[in-house]
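Asks: got a predicted structure here, sequence first:
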Amino acid sequence: MKREMKVFLLFLLTFGVLCMAGAAFAEDPVYGGILRWREINDPPKLDPAQATDTVSSRAIYLMFDSLVENDSDGKGVLPALAESWEGSEGGTVWTFKLRKGVRFHKECLGEPTANGGREVTAQDWKYTFERMVRDNSPRAYFIEMIEGYQDFVSRDETGATEWSGIKVLDEYTLQFKLTYSFAPFVSVLAYNSFMVIPREDAEKWGKEFNFHPVGTGPFMLERWDHDQKVVLKKNPDYWRKDDKGNPLPYLDGVELVIIPDNTIAYEEFKKGNLDAFQDFPDEFYVEAKATYGPLFQERPWVGTYYYGFNNSKEPFKGNRALRQAVNYAVDRERISDLVIEGRYPPGKGVLPPGMPGFNPDLKGYSYDPDKAKALLKEAGYPDGFECELQVNNNPRHKAVAEAIQAQLMELGIKLNIKVVDWGVHLDMCERAETQMFRMGWVVDYLDPDNFLYVLLHSSNHGSKGNYSFYSNPEVDALLAEARVETNWDKRIELYRKAEQLIVEDAPWVFLFHYSTSLLGQEWVKNMHLPAMGDYSTPLYNVWVTKK
Amino acid sequence: MFTYFLRRLLYTIPVLWGVVTVVFILMAVVPGDPARIMMGQRGDPATLARIRADLGLDLPLHRQYTKFLGELLRGDLGTSYRSNEKVSIALSVRFGATLRLAFWAMVVASVLGVTAGIVSAVKQYSVFDYSAMFLAISGVSAPVFWVGLLLLLAFAYNLHWIPGVGYGDGQAIYLILPVLTLGVRPAALIARLTRSCMLEVLNQDYIRTARAKGLSEKIVVIKHALKNALIPVVTIIGTQVAELLSGAVLTETIFAWPGIGRLAVEALVARDFPMIRGTVIFMALIFLVTNLVVDLSYGFIDPRVRFE
């Protein structure tokens, strides 16, 4: 009996160890397999210099690399193709040491590329940045602070043949000289337009490079069936390795499957025909969260949803009490719960929680109808007033607007909702032709500058981002000072002061902060939703256990 | 007949010019600057101006128009603002998919519609007649989107018989559901029209004569009645073909079918003027060609029709 017991125990132990080993084995990365990722439409641009939308960005993140990249928790930038960098005293000269041995794709659409898979050098970076200006990239001006930008932009008149502020010190050292100190400079370089491309392929294809994209990223373009799918295959020479020194990526490829309709896309996911579903639609949100549990990832996104007042025209111009009254009259939590399934947390100020420098102690506006009434009286509208709110054409925006309309009505504020399409909306907002407008903003680079300076500094009125035509010299001065301040703590202090002043001035109705979501199948491993949003989820270290 | 054909072909030129001009004017007057949409939400005015110049949007309207007409005469439909794709290439690539879908939808609709119409007329007031006409009325009134979703849920996601969406690598199985979705409405229309035309013809004196001569019912119906009842049916088939080609937008969206309907919708949303103009001109051309083919086919169906 004793012996039997021993054998039994031994058996149990062996079984247990085997099970654990099996479990550990299951967690080990496996090579192979294709990941099918849902997109809502065909990516318009696969040339990083030209892309301005998230669908294009998704594909670009898979095929290209930048000098630095955003940390997935949104806590700053990490090295990518630059191994290290340093800024001079005063922050006007930035020197980047490049990673050695990074190679461009040697294949695109099944054909050998013009660059032949050669190594990336500092010359390629200089070419990449200069090409952005030559090809009128809509995002080249993000780095207009690099010396010589204006001369190179107006090269027809100035005769400039190169961008003087970008210097190649040696094959692996790149230097930028700025005309003024710009603290978020390195963060800007993580934006998805600033991805290195090979001169040979860019020159071979010209504008057609958009259809023959060649980068250094984990995946290479294999096939592009327009309006159907973008098929990417593994780059066998990718520079990144996993913790154990194994080559990446694990996947054989990624398919960006284009399914315009949300209902059908969700059915396809349920059927197992899709492995990942980003930017989850509201209508299935509750069901999917309940069904898929931890597979449904969600986190705050670095974005803010607001209604801007036109601060340059009556009735909001110069009437702070009126703007504050509207802010007190909106019950953000109720609207979030009732209209968007509680997906967007109510906002107190400009900066979203995922943003470095977010101030949890900011004094914002709560729902307080009595205060709103008192302020209305102070503003000279004791019985309320009538105004027009313009929103762009999207069912979600309309639903939120209608809920707010009903809440404001209780205080005698008559909000007339006007729905127009996106292009018209942008045109009218930037020309200050609205009274009140809906707008949202998601960061380009992880720095408070991208919110506060871009959206609320008076030098950015209109198309540059300040659609509310807000202007406060004190805020301007604080924001300008923060831009050049190199000490992070001091910068944050300046931003906090500026943000509090802005909130008190109430140029917007501060409504919600965005959240981002991603749903993956159980067989998709190591897929983590980053702070910058679902579309930038890294896939080079993801593997699938079901082929 | 040849001169008729030539004359009709010449007629298409002013019609197309009219379409082109109207579309150009409409695009010019609608608000929403395409360069602005390309820039996204944040735009530097200087870059915006350069993009506008690059696209030729800074030219006075009449210069834009003459430039556009000049390019059109050279067969150049321009380049998409949104994707830099040549409009002619984009259309030719997507048209194949739409044509395939519309062709099979029309074949299915014609066969089902004409057959159901004939049988309903011949067996007037029978159970078949009532059922077929009930289905036809439902088919005409059911929204395409609803029909598509219903078919998908039933056959792709519940029964798992057919793959849900996409074009696959061109396999026929991917065609079944979109073809049925797109074919329902024309099938219903054709069935109702065929039935009423057949009933009208079947009551004519010459049919009674044919029957009196002792001809079999089959010959009476097929050879004598159907041929004469077919002219309005062919007309409706013709107009439906053009409608299917241009109206496949919803079906293409539901089934993620890579056709010109979706191309047009996305171009509209993005204010992609060259692509919008290209698709409209292309659709207009299809309407004109289809109408011409329909008119020419009358002569073959009914020799009494003469081309003058």
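Replies: Thanks, I have the structure now.

Asks: just the pLDDT at A:F11, thanks.
Replies: Per-residue pLDDT puts A:F11 at 50.

Asks: centre of the chain versus stretch B:196-214, how much separation?
Replies: Put simply, stretch B:196-214 sits 34 Å off its chain's centre (CA atoms, centre = their mean, to the nearest Å).

Asks: can you check stretch A:66-73 too?
Replies: Offset of stretch A:66-73 from its chain centre (CA atoms, centre = their mean): 11 Å.

Asks: what are the buried residues along that stretch?
Replies: For stretch A:66-73, burial by neighbour count (16 or more other CB atoms under 10 Å in any protein chain shown) applies to A:S66, A:L67, A:V68, A:E69, A:N70, A:D71. Quick note: C-beta positions are derived from backbone N, CA and C, even for glycine.

Asks: packing partners of the helix or strand encompassing B:L26?
Replies: In this structure, B:L26 is located in helix B:2-29 according to DSSP states H and E. On a contact count with 3 or more CB pairs under 8 Å, 6 or more residues apart in numbering or on different chains; DSSP states H and E, helix B:2-29 meets helix B:61-73, helix B:273-301.

Asks: so which elements touch the helix or strand just after it?
Replies: Helices and strands here follow DSSP H and E; after helix B:2-29, the next one along the chain is helix B:34-39. If you count contacts as 3+ CB pairs under 8 Å, 6+ apart, helix B:34-39 packs onto helix A:422-430, helix B:45-55.

Asks: out of those, which comes closest to A:Q123?
Replies: helix B:45-55 (25.0 Å; CB to CB).

Asks: packing partners of the closest one?
Replies: helix B:34-39.

Asks: which residues in the stretch 201-308 of chain B form helices?
Replies: B:205-212, B:217-219, B:227-246, B:249-254, B:260-269, B:273-301 (DSSP state H, counting those that start in this stretch).

Asks: can I get those in TSV including distance to A:C387?
Replies: Below are the helices of the stretch 201-308 of chain B laid out as TSV (distance: least, CB to CB, whole Å):
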stretch	distance to A:C387
helix B:205-212	71
helix B:217-219	74
helix B:227-246	41
helix B:249-254	36
helix B:260-269	28
helix B:273-301	33
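
Asks: wait, what's in contact with the residue of chain B at minimum distance from chain A?
Replies: With CB to the nearest CB as the measure, B:G32 is the residue of chain B nearest to chain A, at 3.0 Å. Taking CB atoms under 8 Å, 6 or more residues apart in numbering or on different chains as the contact definition, B:G32 lies against A:D421, A:W422, A:G423, A:V424, A:L426, A:D427, B:R271.

Asks: between the helices of the stretch 201-308 of chain B, which one is nearest to A:H105?
Replies: helix B:260-269 (27.9 Å).

Asks: ok, back up a step: which two of the buried residues of stretch A:66-73 have the greatest separation?
Replies: A:L67 and A:D71 (14.4 Å).

Asks: give me the below-cutoff pLDDT ranges for the stretch 101-250 of chain B.
Replies: B:246-247 (pLDDT under 70).

Asks: flag every residue of it that's near chain A.
Replies: With CB under 8 Å from any CB of the partner chain as the criterion, the stretch 101-250 of chain B meets chain A at residues B:L149, B:L152, B:L153, B:A156, B:Y157, B:H160, B:P163, B:G164, B:V165, B:G166, B:Y167.

Asks: for the lengthiest helix in chain B, packing partners?
Replies: Identified as the longest helix of chain B according to DSSP state H is helix B:87-122. Where contact means 3+ CB pairs under 8 Å, 6+ apart, helix B:87-122 is packed against helix B:127-141, helix B:176-202, helix B:227-246, helix B:249-254, helix B:260-269, helix B:273-301.

Asks: list the buried residues for it?
Replies: Buried, per 16+ other CB under 10 Å, within helix B:87-122: B:87, B:90-91, B:93-95, B:97-102, B:104-106, B:108-110, B:112-114, B:116-122.
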